[in-house]
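# Need a 3D model of the following:
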Amino acid sequence: MVKNIIASLAATGAAALALSPALADEHAAPSDPPHVAVVDASGAQVGTLVLQETPAGVLIAANVTGLPPGEHGFHLHEKGICDPAEGFTTSGGHYAPRSNSHGFKEAAGPHAGDMPNQFADGEGTLRAHVLNPFVTMGPGVATLNDADGTALVIHEGKDDYTSQPSGAAGKRLACAVIAAPKEM
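Okay, the predicted model is just below:
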């Protein structure tokens, strides 16, 4: 009787293994969220971002080193170009597809690219998870994947959340191309 049970279990297991590839195709795991490199003013990679679409917006996980300790402006910019030789000015201004004003403290704000300041610790490491409810990675008015792409820029100083057009956060220290411009 025990032999019959073992034989029956073995046959069932073999049948399940034979079905596994078909089940795997039907229930494939979702693709990994995009990982993008963060570069500094010399062009060296100093960190990564992981972006993930959620029902509430785009979740951005950042791990960046080599920053001055303290508070830093952390914004999405309108062009997916990060040229260190140009001080990252190639990324354009803040991403504002709805033409809002800059800043969380402004009645006509914020830009879609405005996000809260982030902090680098005493070692110069910034680790953060930031949810941006104003953008999407899919289709829509505020997609990060538009024709000219999108970049994330980390600034030297903190954003004051009111100064126009960009919060007086100072020099651009690091940049990441989230979506490169599409060829036209």
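
# use CA for all of it now, contacts and neighbours both
Noted.

# Burial check on Ser166, number of neighbours?
A count of neighbours around Ser166, defined by other Cα atoms under 10 Å, yields 20.

# hang on, I meant Pro55
By other Cα under 10 Å, neighbour count at Pro55 equals 8.

# Check the one 5 residues further on too.
In terms of burial, Ile60 registers 18 neighbours under the definition other Cα under 10 Å.

# same check, this time on the one 5 residues further on
Taking other Cα under 10 Å as the criterion, the count of residues near Thr65 is 22.

# Please apply the same query to the one 5 residues further on.
Gly70 sits with 18 neighbouring residues when counted by other Cα under 10 Å.

# Next: Tyr161.
22.

# ok, now the one 10 residues further on?
Residue neighbour count, defined by other Cα under 10 Å, stands at 15 for Lys171.

# OK, contacts around it?
87, 155-157 (Cα atoms under 8 Å, 6 or more residues apart in numbering).

# again, only this time at 10 Å
73, 87-89, 153-157 (Cα atoms under 10 Å, 6 or more residues apart in numbering).

# just Phe104 next, same as before
With the criterion set at Cα under 10 Å, 6+ apart, Phe104 makes contact with 110-111, 114-116, 160-162, 167.

# Roughly how far does Leu126 sit from Ala44?
16 Å (Cα to Cα, to the nearest Å).

# So which of those two has more stuff around it?
Leu126 (22 against 12).

# now the helices: where do they sit in this structure?
2-26 (DSSP state H).

# pLDDT on whichever strand in it runs longest, on average?
Secondary structure of the chain per DSSP state E: the longest strand is strand 45-54. Mean pLDDT, strand 45-54: 97.

# Who are the packing partners of that strand?
Counting contacts by 3 or more Cα pairs under 10 Å, 6 or more residues apart in numbering; DSSP states H and E, strand 45-54 packs against strand 35-40, strand 57-64, strand 126-132, strand 172-179.
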